[in-house]
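# Need coordinates for the below:
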Amino acid sequence: MKNPETDLLFLDIELAEGEDGFQIAEQLMHCGNKSTICFLTSHTEQARLGYKVNAFSI
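A predicted model of the protein is given here:
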């Protein structure tokens, strides 16, 4: 996904059919996508993994 008009992406850590939001974020980064990523999740124990993919932090 390389779209210059996309400023912000919202991802969940756990997605349908066993997909992982972190894996998708890594794929986006490898494609050169510069969008800000914000994870929405109830998995607080995995929140620190967002730093590996430069997720937005507040």
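# use CA for all of it now, contacts and neighbours both
Fine.
# show me what contacts residue 35?
Residues in contact with residue 35, defined by C-alpha atoms under 8 Å, 6 or more residues apart in numbering, are 6-9.
# residue boundaries of the strands in the protein?
8-11, 36-39 (DSSP state E).
# most tightly surrounded among the ones you listed?
When you average the neighbours per residue for each of the strands of the chain (mean count of other C-alpha atoms under 10 Å), strand 36-39 leads with a mean of 18.
# Just the CA trace of that one, in CSV.
What follows is strand 36-39 as a C-alpha-only set of coordinates in CSV (Å, rounded to 0.1, in the frame of the first residue of the first chain):
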residue,chain,number,x,y,z
THR,A,36,1.4,7.3,10.6
ILE,A,37,0.1,4.1,12.2
CYS,A,38,-2.1,4.0,15.2
PHE,A,39,-3.0,0.7,16.8
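# and that strand, what does it pack onto?
In terms of contacts (3 or more C-alpha pairs under 8 Å, 6 or more residues apart in numbering; DSSP states H and E), strand 36-39 is packed against strand 8-11.
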